[in-house]
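Chemist: Requesting a structural model of the entry that follows:
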Amino acid sequence: MNIKKLLTEETADRDFALKLHYDCAQFFKQNGYGYKSLPLYRGLNKSIQTYRIIEPRKNRIPKNTKLQLHNALDKLLYKKFGWKPRSEGVFCTGSEFKARFYGYVYIMLPIGDFKFVWSPKIDDLFNQLSLNGITDFNTDEIIKKDYLPDLKKIADTYTDKDLVSAILSGNEISIKCNKYYLINTDYIKPVYNIIFQ
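Modeler: Predicted structure coming up:
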């Protein structure tokens with residue numbers, strides 16, 4: 001974030017940018033703060049005119065992935081990272097284009113401390129599972145018997161390092177935070193260049 005530029009902008013824009021600067025300091029610090037910060041995008045099927053502060057669900061139920069598979073992946077990722085990215089995470093991407101597949105596109109900014117995981121090799125986990133044929137089953141036993149080795153290989157590709165590379169990859173990123181901003185891209189335009197360039 002360019003603080004010098006921020007302080008010379010219009011008052012309303014400056015106040016909003018300063019609020020984001022304060023609330024999202026950890027994100028900006030990990031994301032090239034002071035040089036060039038990159039936006040995270042999230043697609044949502046609801047329209048937001050300005051912005052909202054959202055508290056994520058703590059136990060997300062998947063829309064497309066079968067629950068047994070979702071739970072198996074969460075267990076594997078929990079062993080590696082100490083939290084459940086499939087259940088506790090907010091999904092976003094550095095690709096505005098990919099976010100459009102999920103609805104209206106918003107800027108997503110985690111408030112305060114946050115964690116993240118991503119895979120340099122997998123752009124979207126649901127699509128990857130479909131490509132690997134890991135979708136046709138009904139029980140936990142089938143997962144353990146037929147799919148667990150493949151799921152372990154997938155989980156091994158995930159990392160919680162290098163947020164900048166995660167964003168630049170355009171791959172799916174799962175973020176764990178207590179609250180986050182979801183900001184209409186048109187609403188943020190007056191401060192967009194301040195925050196993300």
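Chemist: what about the spatially most central residue of the chain, which SS state?
Modeler: The residue lying closest to the centre of the chain (Cα atoms, centre = their mean) is Cys92, at 3.1 Å. At Cys92 the chain is in strand, as set by DSSP: H, G, I helix; E, B strand; the rest coil.
Chemist: hang on, it packs against Leu44?
Modeler: No - using Cβ atoms under 8 Å, Cys92 makes no contact with Leu44, being 10.3 Å away. Placement of C-beta: from N, CA and C, glycine included.
Chemist: Sketch out the low-pLDDT regions of the chain for me.
Modeler: Across the chain, residues meeting the criterion (pLDDT under 70) sit at 1-12, 32-36, 130-146, 189-197.
Chemist: Centre of the chain to the strand or helix carrying Arg86, how far?
Modeler: If you go by DSSP states H and E, Arg86 is part of helix 85-88. Offset of helix 85-88 from its chain centre (Cα atoms, centre = their mean, to the nearest Å): 11 Å.
Chemist: ranges for the strands of the chain?
Modeler: Taking DSSP state E as the criterion, the chain contains strands spanning 41-44, 51-54, 90-93, 104-118, 172-184.
Chemist: So which residues make contact with the second one?
Modeler: Same thing as strand 51-54. 111, 179-184, 187-188 (Cβ atoms under 8 Å, 6 or more residues apart in numbering).
Chemist: Make a markdown table from those residues and add distance to Lys58 and neighbour count to it.
Modeler: As requested, those are exported to a markdown table (distance: Cβ to Cβ, whole Å; neighbours: other Cβ atoms under 10 Å):
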| residue | distance to Lys58 | neighbour count |
| --- | --- | --- |
| Ile111 | 16 | 20 |
| Lys179 | 12 | 14 |
| Tyr180 | 14 | 25 |
| Tyr181 | 19 | 20 |
| Leu182 | 18 | 20 |
| Ile183 | 23 | 24 |
| Asn184 | 26 | 17 |
| Tyr187 | 28 | 16 |
| Ile188 | 27 | 24 |
